[in-house]
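Student: Turn this into a model:
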Amino acid sequence: MRSIYLVLFVLVLQNLSAQQNLPVICANSKNVKIHDGLQYKPDYWVIFPETKPDVYYVDLPRKKTLVKFITDIDSISFTLNYGDVKDFIVLLNGKDSCYTQISASYPNLKTPKKLHTGNDTIPFTMKDNRIYFKGKINNSEVLTFQFDLGAEAMNINKKSVKKIKVNFDKKGNLFNSDGVNETRVSSKNDIVIAGLTWSGIEMYETKNMEHYEDAIIGNSFFLDKIYKIDYDNTRLIVYHKLPIIETGYVKQDMILDNGIRPAIEGSFIFGKNTYKDWFLFDTGQTGTGILGNSYLVKHNLYEKFSTIMSLGSKKIAFIHQLLIANQTFSDGVITLEKNKKNGSNYKFGGLIGNKILKCFNVIIDNQQGFIYLKPNIFFKKEI
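Tutor: Predicted structure coming up:
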């Protein structure tokens, strides 16, 4: 019995010693800024001393990444490879030890089961500039899924609930174009699309869908994958490794908003001046896109766009020149968020919609954070 107590005592001492040897940074504010690879997050992280440890997950865990935490008075940096965990303490107001952890792993990765080895092909159809798959939920009848890279979570149309067996076991907040609203949530569901089966998928009920749409899925279904959206052949191909990149593709950096939603760099050009920023890659937005107030104010662009009309909290304006993947779009219109004092409702510079994005065949590398774009059959058609 003494030997057991001795072993337990040694383990406790080792644990205390390990905690005492952790790096310590100081803070007088709970708000922390984070640099995660190419992405800067000025308002993302809030310290919670009660959570031990409070875990931050790297946006691209499979990519070697430099992550920097910046408090109001101090900072700390780590370089992480896939699977790495870095622990440290944030000493808040000189008294509260906030145990913090950075993890290069996926917090809730759902990997599909496959019927065969090799690459997987998912056929799709197009309607109103959106991508649609056919599939089932919980062994339901065949349903229509919108593939929306601007969606963080899976959504189920409230009108489609009667078609499936679903258990709403909690409440949650859903953010979409209707704002933030509390809704019913179903924690565990099985999704089958083109021979791929995902289990344990969480679904949020929403009214904000077209009558012919049953569900919405996004990039969260392929977070550790590489896949191609091939508009020329109306198919999505999921690869087990990066394929040989065909001639004509332009390689660009990609970041993931909240570790899920892709964003790419684009530029608006006025005369000799170029205004570059990150924009969400939003295949669920049927138009050309929306520019956020913060981006427009930062570059003093409101007067440079020729406004056509006002529409509620937004304005419609001519595009002028938009540069993406070395291709210029100069026809059509884009939406501007109206000038407001309290920042913007849109992250980064805003979002680019699928009226433009569908003009490119796309390879998304969720492992290394790259996107490859090549003009397709829709390019040069009227925007």
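
Student: where does the protein dip in pLDDT?
Tutor: 1-20, 176-179, 382-383 (pLDDT under 70).

Student: Show me the helices in it, by range?
Tutor: 2-20, 293-298, 354-357 (DSSP state H).

Student: dump the residue contacts of L60.
Tutor: 37, 256, 259, 366-369 (Cβ atoms under 8 Å, 6 or more residues apart in numbering). In short, each C-beta sits where N, CA and C put it, glycine included.

Student: Most neighbours among those, please name it.
Tutor: Neighbour tally across the contacts of L60 (other Cβ atoms under 10 Å): the maximum, 23 neighbours, falls on N366.

Student: dump the residue contacts of that one.
Tutor: Under the contact definition (Cβ under 8 Å, 6+ apart), the residues listed for N366 are 60, 62, 219, 222-227, 256.

Student: any idea how far it is from A27?
Tutor: Remark: distance between N366 and A27 (Cβ to Cβ, to the nearest Å) = 32 Å.

Student: ok, for K314, nearest residue in space, not its chain neighbours?
Tutor: T335 (5.0 Å; Cβ to Cβ, 6 or more residues apart in numbering).

Student: okay, now that neighbour: neighbour count?
Tutor: By other Cβ under 10 Å, neighbour count at T335 equals 18.

Student: And N258, by the same measure?
Tutor: Residues near N258, counting by other Cβ under 10 Å: 12.

Student: Can you give me the domain boundaries for the protein?
Tutor: If you go by automatic domain parsing, the domain ranges for the chain are 2-103, 120-238, 244-375.

Student: Which among these is found nearest to K110?
Tutor: For K110, the closest of the domains of the chain is domain 120-238, at 5.1 Å, according to Cβ to Cβ.

Student: ok, which pair from the contacts of N366 is furthest apart?
Tutor: For these, and using Cβ to Cβ, no pair is farther apart than L60 and Y227, which are 15.3 Å apart.

Student: Name the nearest residue to K171, sequence neighbours excluded.
Tutor: Sequence neighbours aside, E182 is the residue nearest to K171 in space, at 5.7 Å (criterion: Cβ to Cβ, 6+ apart).

Student: Distance-wise, check that neighbour relative to L92.
Tutor: 30 Å.

Student: Export the domains of the chain as TSV, with columns for distance to K110.
Tutor: Formatted as TSV, the domains of the chain follow (distance: least, Cβ to Cβ, whole Å):
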stretch	distance to K110
domain 2-103	15
domain 120-238	5
domain 244-375	12
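
Student: Enumerate the beta-bridge partners assigned to N157.
Tutor: Applying DSSP bridges to N157 yields these beta-bridge partners: T206.

Student: you'd agree N345 is up against E337?
Tutor: Yes: the pair N345 / E337 is scored as a contact, 6.5 Å apart, by Cβ atoms under 8 Å.

Student: which residues are common contacts for these two?
Tutor: 292-293.

Student: ok, which stretches of the stretch 251-383 of the chain are strands?
Tutor: For the stretch 251-383 of the chain, applying DSSP state E, counting those that start in this stretch gives strands covering 255-257, 261-270, 273-282, 289-291, 307-311, 314-318, 321-324, 327-329, 333-337, 350-353, 360-365, 370-375.

Student: any chance of those strands in JSON lines, plus distance to Q146?
Tutor: Output for the strands of the stretch 251-383 of the chain, formatted as JSON lines (distance: least, Cβ to Cβ, whole Å):
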{"stretch": "strand 255-257", "distance to Q146": "19"}
{"stretch": "strand 261-270", "distance to Q146": "15"}
{"stretch": "strand 273-282", "distance to Q146": "12"}
{"stretch": "strand 289-291", "distance to Q146": "18"}
{"stretch": "strand 307-311", "distance to Q146": "24"}
{"stretch": "strand 314-318", "distance to Q146": "22"}
{"stretch": "strand 321-324", "distance to Q146": "22"}
{"stretch": "strand 327-329", "distance to Q146": "24"}
{"stretch": "strand 333-337", "distance to Q146": "20"}
{"stretch": "strand 350-353", "distance to Q146": "14"}
{"stretch": "strand 360-365", "distance to Q146": "16"}
{"stretch": "strand 370-375", "distance to Q146": "20"}
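
Student: quick one, which of the ones you listed is nearest to G150?
Tutor: strand 273-282 (3.5 Å).

Student: to the chain's geometric centre, what's the distance from the closest one?
Tutor: 16 Å (Cα atoms, centre = their mean, to the nearest Å).

Student: Now do stretch 241-250: distance from first to last residue.
Tutor: Stretch 241-250 has an end-to-end distance of 18 Å (Cα to Cα, to the nearest Å).

Student: same deal with stretch 336-346?
Tutor: 11 Å.

Student: who touches the residue nearest to K314 in this structure?
Tutor: Here T335 is in contact with 287-291, 311, 314-317 (Cβ under 8 Å, 6+ apart).

Student: Tell me which of the domains of the chain approaches L109 most closely.
Tutor: domain 120-238 (6.1 Å).

Student: so how far is the first residue of that closest one from its last?
Tutor: 5 Å.

Student: circling back: between the domains of the chain, which one is nearest to K114?
Tutor: domain 120-238 (6.2 Å).

Student: burial count for Q327?
Tutor: 16.

Student: In the beta-sheet assignment, what are the partners of it?
Tutor: Here Q327, judged by DSSP bridges, has bridge partners I324.

Student: Distance of it relative to I371?
Tutor: 14 Å.

Student: about what we covered before: looking at N345 and E337 now, which is surrounded by more residues?
Tutor: E337 (20 against 16).

Student: Not counting its neighbours along the chain, what's nearest that one?
Tutor: N293 (4.5 Å).

Student: Bridge partners for the residue nearest the centre of the chain, pull those for me.
Tutor: Per Cα atoms, centre = their mean, the C-alpha nearest to the average position across the chain is that of R261, at 1.6 Å. Beta-bridge pairing of R261 under DSSP bridges involves D257.
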